[in-house]
Structures are given as structure tokens and as C-alpha cells.
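Enquirer: Build the 3D model from these lines:
(chains A and B)
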Amino acid sequence: MSRGLFVLAIILLFGALKLPAEHALARDHSESHFADPELNLDVREKLGQLGFVAALSGFRAVLADFLFVQAHVAWERTEWGRVLFLFRQVTTLQPHVPLFWDTAAWHMAWNAGAAAINDPSQPRQALRVKAQRNYFALGKDFLERGIKNNPKNPKLYESLAMLYRDKYNDHAHASEFYRKAADCPGAPSYDKRFSAYELSYCDGWERQAYIQLRQLYDEGENERLPTLIKRLKYLEVKLNVPRDLRIP
Amino acid sequence: MSANDQRSPKHRAFSFGRIAAIAANTLTELTRQRVFYVLLIFGLALIGSSIFIAQFTFQQEFQILKDVSLGAMSIFSSLLAIIASAQLLSQDIDDRTIYTILAKPVPRFEYVLGKLAGVLLLLAISLAAMAVLFAAVLYFREQAVLSETTREMNRAPQEQLNDALNAVRGAGLNTDVFAGVAVIFLKACLLAALTLLVSTFATTNIFTVTVMVFVYVIGHLQATAREYWLQQPSAGWAARIFLGAIALIFPDLQAFNLVDQIVAGVVIPLAIFTKTALLGIFYVVIYTLAAILVFYGKEL
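Expert: So this is what the prediction gives:
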């Protein structure tokens, strides 16, 4: 008995010793984006009791994948409400996986949006457009929250830029987010170019767009792609650039 | 030197040889049990089946492959650690092997250390087998996607091809995954040492396994309880005592859950990996010492 109490005392003493180390490690995890998402009552309602326990027991990633596969099946069946519901669960469980945010946004803004505008069960065009805009907004919301959780990931900025370009016809925002993507570490080289292309479509920003495109052109053969040359020639005419300064 | 001294060499208080012999024997015993093969085959089958994930883009495929494989490694190594360690002492007591061993000049701490070393070896072998299969599956899928991408983009500018190939390589196999496997191993070692401690005072295997299942679940919640306990001094005294007990007695298993973030592409800083490894080793040492202390008091 006395030995048992002695061992309990050792474990409690060890517990007191390990607390600062555990606390410091948790702080380090948080600072390095290793912290787990907060699993609160709202998440429990979304996941159900069993899913919540699984998420708490270290199977968060596997559970998220399982729900992701279910969302894929729901997409194949064009059950858009279920796709949205499942992707909200997936992104809550794994907020640091950009792929999940990106796929969720793509399903909403592109697939569900296209389905809404072509919905044969809704005869009124105005309501179809309204439904489509709601899906665009859901896609945008996924990407914005994804960026908040993964601020250094270029893919999410790119997708948001594409959404502004293709769905809202908003070239100014598209250019801004392509530029933000280009500023991220490991960003593809085309992000900078795409930012300049989008800027060239914005009224009042032609001069800035011309400077950016010309800089890219001057970087060498690799940047002299057909679209870049076409946009540059268009701006040279629009801005009345002297002939001797124009590209061949 | 007398003739008697020549016949019986002087007994040493501590011997690596004796511990190694017990560890080797424990490993042999454990590998002869069906539960080991069932768990290992199930784990390997789960990892191997990930290759059949079709219909997804390569990023989605690699993401799921890594999640499922590392998840399988985590759960099977944890299960193996608990099940294998739970029966170490009770089985030796049941078949009376323990009396044969302890009747010889083998100190009890060497017996406990040898038993634990045997389980840790088993865990290392199982995890290595699963990690090799996982790396092979991921590597071959990555190579297939790389050659497919190169073939499909053979007319694209070199810069675009490089971007595409880098995207595939970025989503594929990287060294951080192995750091994740090392952390899974540490977590399994911790669970094995703690199970051994529980089994020193438990009367049945079922009791040990049941206690450890609760420890496993509570251990993943310990961080939440600890942070609430430390940061909410206004909580009621009953809640504070309860949360304090959880924070002090249970290990923080969530600290070893780095794989979710590794799969998400977050790079583990060396400092965090080192601190996590040291914390894991610290846990194992303390739980083993406690197990030795309890085992010394056990009437056999």
C-alpha cells in the first residue's frame, strides 16, 4: 500500500514537472501552425457524437478523409446540400489542408453554381441566377476562410483570383489575389504574369499594367508568351506608347 | 585465484546481456502470437489498399494515401503496444516462467527492462514494415504521376512542365513523413511503458486493456483539460481538482499527433521535433521507473 502511494506521488510529481514542458510545447505547436483546430460544441453538432469522439481520439485526419470521400460520392449524385454539409465538416476537422478548402470552393462555385443556373425544376430565371450567386458566395467564403487558416499557400489565392475572374468578372480583385499568390513562398512563376494580365483589363490601371507586363517581357524569352505579347501590344496602342519604345 | 572463482564468474548487478536475452525471448514469444500477425496484416492491407484510390486528382489521392497510411500506422502501433504489453507479466505469471527467471540471479528491474525492450523491438519492426510499404506505394504512385504528367505536357514550355512536376513532387513523398513515423513510434513506446506500469498492479489482462483504452482517449483530451485548468482560475474548485488530476496523471497524447499537420504540408521545425522526442523519452523513462518500483513490491 505504501509503495502504491509512493508511486502515485512519483506520478503526481512527474505530472507537475512535465506541465511546463507540455504547455511550452503546445505553445510552440500553436506558433508553428501545428495546433489542432478547436473542437467545440458547434463541431460536435456537425460531426455527431461518434465522429466527435473519433476526432478527439487522434483520428481527425482519417475521419476527414472518410467525409471527403462521402462528399465526392454526394457530388457524383449532385446532392449539393450534402456536399456543402460534408465539406464544412471536412474543413472544420482539417483546416490546415488547403486542398480541402480548394475542392470545397470548386464544388460550390463551379459545379453547384452551374447546376443551379441550369436547374430544370426552377422555371424562373431570376431565382436560378440568385441560387447561382449564392453558390458563388459559398465558394468565395470557403476560399477566404481557407486563406485565413493557410495564409502562405499560393493555391488558395490563385483559386480566389480565378473565382473573381470567371464568376464575378472582377479583374481588379483577380489581379490582387494573383499578386498575393505570387508573393507566397513556392508560388508558380505564372502567378505574377496572370496578375499583370488581369490588371490590363482594369479601366484606369492600364499604365500600371503596361509597366508590369513590359518588365516581364524584358526578363527574357521565357516570359514572352502569346497572351503577354497580345496584351502588351493592346496596351501600347491604348496608351499611345512611342513607336520606338514598342516591342517588335 | 581459487578454483571456485574460476568456475562461477562474479555476478554483476547490471547486465545488458541479461536484458538482451529477456528482450529477445519476449520478442520471439510475441511474434509467435496470432494477434501480432492479424494486426500487422490488417495494417499492411489498409496501406496497400490505398493504391486503389481512383477518380481523384493526384493531390487528393496522395493526401488520402498519406492520411490513411499514417492513421493506420498510428492506430495499429498503439493497439499493438497496449495488447502486447498488457499480457507480458500476466502470461509469465500464468505459465510460471517468471518464477524460473526470477529464481536465477536476475534483478526484477532487468526483467521489466527486458520485457519492455522486447515490446519496443516488436513495435519498431512492425512500424518499419508498414513505413516501407507506405513509402513504396507512395513512391511508385508519384513516379507514375510524374511520367504521366511529362507525357501529357511534352509540348508545353519547359517552365510550365517544371511547375507541374514540382507540384507533383510537393504532394508526394518527403522526408517529413518519416519524422511523423518516428513520432508515432514514440507515442507507441509511451503507451507500452504505461501499459506495463498498469499491468504491474492489474489482476487481469482485460482490466489493463480497458484502463489503457480510457487512458488513450483521455490522453488526447489532456491538453484541453490542462489549458483550461491553467488558464481558468475562476472555475469551481471541484472542476479545478478534476481537471488538475487529469493534467497531472495522464500523458498529453495530442502532443504526438503531428502527422495530421505533416500530411497537410506543414514542415516540422527541428526544435519542435526534438522537444516532442524528449518529452516522449521522458514519459517512457518515468513510467518504466514507476513500473519497476511497483513490480519490486509485487508478491510473487
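Enquirer: which one's the longest helix in chain B?
Expert: Counting residues, the longest helix found in chain B (DSSP state H) is helix B:108-152.
Enquirer: List the buried residues in the following helix or strand past that helix.
Expert: Next along the chain after helix B:108-152, taking DSSP states H and E as the criterion, comes helix B:158-171. Going by neighbour count (16 or more other CB atoms under 10 Å in any protein chain shown), the buried part of helix B:158-171 is B:161, B:163, B:164, B:167, B:168, B:171. Quick note: C-beta positions are derived from backbone N, CA and C, even for glycine.
Enquirer: isn't the second one right next to residue A:190, touching?
Expert: Yes. Residue B:163 lies in contact with residue A:190 (CB atoms under 8 Å); the separation is 7.0 Å.
Enquirer: Would you mind listing what in the stretch 51-200 of chain B touches chain A?
Expert: B:55-56, B:59-60, B:63-64, B:67-68, B:70-71, B:74-75, B:157, B:159-160, B:163, B:167, B:170 (CB under 8 Å from any CB of the partner chain).
Enquirer: which of those residues count as buried?
Expert: For those, a neighbour count by 16+ other CB under 10 Å gives the buried set as B:56, B:59-60, B:63-64, B:67-68, B:70-71, B:74-75, B:163, B:167.
Enquirer: where does residue A:118 land on pLDDT?
Expert: Residue A:118 carries a pLDDT value of 91.
Enquirer: ugh, wrong one, I meant residue B:4
Expert: Residue B:4 is assigned a pLDDT of 50 by the prediction.
Enquirer: now residue B:19
Expert: Residue B:19 carries a pLDDT value of 90.
Enquirer: shouldn't it be in contact with residue B:110?
Expert: Yes. Using CB under 8 Å, residue B:19 is in contact with residue B:110, at 5.3 Å.
Enquirer: check which helix or strand covers the closest residue to chain A within chain B.
Expert: Chain A sits closest to residue B:248 of chain B, with a gap of 3.1 Å, by CB to the nearest CB. Here residue B:248 sits within helix B:237-249, counting by DSSP H and E.
Enquirer: which other helices and strands contact the following helix or strand past that helix?
Expert: Proceeding N to C from helix B:237-249, the next assigned helix or strand is helix B:259-263, under DSSP H and E. Here helix B:259-263 touches helix A:60-76, helix B:58-86, helix B:176-201, going by 3 or more CB pairs under 8 Å, 6 or more residues apart in numbering or on different chains; DSSP states H and E.
Enquirer: what does the helix or strand following the shortest one rub up against?
Expert: Read that as helix A:60-76. Next along the chain after helix A:60-76, taking DSSP H and E as the criterion, comes helix A:80-93. Here helix A:80-93 makes contact (CB atoms under 8 Å, 6 or more residues apart in numbering or on different chains) with A:37, A:43, A:46-47, A:51, A:55, A:60-61, A:63-64, A:67-68, A:70-71, A:74-75, A:100-101, A:103-104, A:107-108, A:111-112, A:115-116, A:135, A:138, A:142, A:145-146.
Enquirer: From the centroid of chain A, which residue is nearest?
Expert: residue A:156 (3.1 Å; CA atoms, centre = their mean).
Enquirer: So that one sits against residue A:147, correct?
Expert: Yes. With contact defined as CB under 8 Å, residue A:156 reaches residue A:147; the gap is 4.9 Å.
Enquirer: just to revisit the earlier point, for residue A:11, which of the helices and strands packed on helix B:259-263 is the nearest?
Expert: helix B:176-201 (8.7 Å; CB to CB).
Enquirer: what's the angle from that closest one to helix B:108-152?
Expert: Between helix B:176-201 and helix B:108-152, the angle comes out at 150 degrees (axes from the mean of the first three to the mean of the last three CA atoms, to 10 degrees).
Enquirer: How far does whatever helix or strand comes next after helix B:176-201 sit from its chain's centre?
Expert: Using DSSP H and E, the next helix or strand after helix B:176-201 towards the C-terminus is helix B:205-231. Relative to the mean C-alpha coordinate of its chain, helix B:205-231 is positioned 16 Å out (CA atoms, centre = their mean, to the nearest Å).
Enquirer: what packs against helix B:205-231?
Expert: Taking 3+ CB pairs under 8 Å, 6+ apart as the contact cut, helix B:205-231 packs with helix A:2-31, helix A:41-56, helix B:58-86, helix B:176-201, helix B:237-249.
Enquirer: go with 10 Å
Expert: Counting contacts by 3 or more CB pairs under 10 Å, 6 or more residues apart in numbering or on different chains; DSSP states H and E, helix B:205-231 is packed against helix A:2-31, helix A:41-56, helix B:58-86, helix B:88-94, helix B:176-201, helix B:237-249.
Enquirer: Could I get the average pLDDT for it?
Expert: Averaged across helix B:205-231, pLDDT comes to 88.
Enquirer: For that helix, buried residues please.
Expert: In helix B:205-231, counting by 16+ other CB under 10 Å, buried: B:205, B:208-209, B:211-212, B:215-216, B:218-227, B:229-230.
Enquirer: Report the angle between that helix and helix A:2-31.
Expert: 50 degrees.
Enquirer: Can you name the residue of chain A nearest to chain B?
Expert: Closest to chain B within chain A is residue A:15: 3.1 Å, counting by CB to the nearest CB.
Enquirer: ok, back up a step: give the contact list for the residue of chain B closest to chain A.
Expert: A:11, A:12, A:13, A:14, A:15, A:16, A:17, A:18, A:19, B:222, B:226, B:229 (CB atoms under 10 Å, 6 or more residues apart in numbering or on different chains).
Enquirer: will you turn those residues into JSON lines that also has distance to residue A:91?
Expert: Compiled in JSON lines, the contacts of residue B:248 are given as follows (distance: CB to CB, whole Å):
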{"residue": "A:11", "distance to residue A:91": "39"}
{"residue": "A:12", "distance to residue A:91": "40"}
{"residue": "A:13", "distance to residue A:91": "42"}
{"residue": "A:14", "distance to residue A:91": "38"}
{"residue": "A:15", "distance to residue A:91": "35"}
{"residue": "A:16", "distance to residue A:91": "38"}
{"residue": "A:17", "distance to residue A:91": "38"}
{"residue": "A:18", "distance to residue A:91": "33"}
{"residue": "A:19", "distance to residue A:91": "32"}
{"residue": "B:222", "distance to residue A:91": "26"}
{"residue": "B:226", "distance to residue A:91": "27"}
{"residue": "B:229", "distance to residue A:91": "30"}
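Enquirer: from these, which would you call buried?
Expert: Among the contacts of residue B:248, those classed as buried by 16+ other CB under 10 Å are A:11, A:14, A:15, A:18, A:19, B:222, B:226, B:229.
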